[in-house]
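J.: sequence unknown, structure follows:
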């Protein structure tokens, strides 16, 4: 049992320094859309300098280090895999199309949000940029990526369908498109679908705490920065998408909703893009 005497003679070690250190153990990205298999032994990146980060490697390590700081463990969380995706900021209710545009940055022919909007509008999938149907998103992705994606797979059971399968596919380079409820900081929450939003997931970080589930590396259109969300929190948020925001229902706009509404179109559903922009399959590493 610890005592006040222990605290005097055996003080806690100081926290890691905030100044940037050398990044000796992380590979350089000769191909910005390559899959990066990494270990958790990467050196630290300054959290203070996060806003000035220039490289994908520094950005990735910064979000890993935020988790490390929160968990307070001696062992760092392990970065299992990551595909760099370029950020795209959202203008208007086009979060799904922004997520699809961000995913397209992994191909040799990235697609603009405006191009995707025009195509989705022509097909009757959207009026203002909203995408309340996973089926419509998957159809749009299949047609837009028909030369650069091996398969567009709908996960009818969402992240709860088969966790090992989803993680393995991410480890092999697949990209996940997923609707969820966004909190004020755009992290997953549960508001019955009133804040329905889309994100693109392209990496996995394993917690240093054995009881914790993996974290998913994601981007969404309200920020340029990477996000790191617990797998189970994103799963719960995805599974609670039940109804249209009452404010939207009376805002004077007409939105395209599938038969059965938001619940039928989004609840507990997601999309995996297999081998998007990859010339060859990535070996399974999980």
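T.: Great, that's in hand. Keep in mind that what you see is a predicted model, and the values were worked out from it rather than measured.
J.: what ranges do the helices span in the chain?
T.: Taking DSSP state H as the test, the helices found in the chain are 4-9, 56-71, 95-104, 113-122, 134-144, 163-171, 231-239, 246-249, 261-266.
J.: is it true that residue 173 touches residue 272?
T.: No: judged on Cβ atoms under 8 Å, residue 173 makes no contact with residue 272 at a distance of 10.7 Å. Heads up, the C-betas are built off the backbone N, CA and C, glycines and all.
J.: So the two - more neighbours on which side?
T.: For residue 173 versus residue 272, neighbours defined as other Cβ atoms under 10 Å are more numerous around residue 173 (25 against 21).
J.: can you list the domain ranges for the protein.
T.: In terms of domains, the chain is parsed into 12-79, 95-274 (source: automatic domain parsing).
J.: Would you confirm that residue 269 contacts residue 159?
T.: No: Residue 269 lies out of contact with residue 159 (Cβ under 8 Å); the separation is 10.0 Å.
J.: intersection of neighbour lists for these two?
T.: Residues touching both residue 269 and residue 159 comprise residue 238, with contact defined as Cβ atoms under 8 Å, 6 or more residues apart in numbering.
J.: give the contact list for residue 124.
T.: Remark: with contacts taken as Cβ under 8 Å, 6+ apart, residue 124 is in contact with residue 256.
J.: at 10 Å instead, please
T.: 136, 256 (Cβ atoms under 10 Å, 6 or more residues apart in numbering).
J.: and residue 55, what pLDDT?
T.: Note for residue 55: predicted pLDDT of 89.
J.: So residue 197 sits against residue 221, correct?
T.: Yes: in this structure, residue 197 sits in contact with residue 221. The criterion is Cβ atoms under 10 Å, and the distance is 8.1 Å.
J.: any shared contact partners between those two?
T.: In contact with both residue 197 and residue 221: 90, 95-96, 98-99, 186, using Cβ under 10 Å, 6+ apart.
J.: is it true that residue 130 touches residue 98?
T.: No: when contacts are counted by Cβ under 10 Å, residue 130 is not listed as touching residue 98 (11.7 Å).
J.: Roughly how far does residue 217 sit from residue 66?
T.: The span separating residue 217 from residue 66 equals 12 Å under the rule Cβ to Cβ, to the nearest Å.
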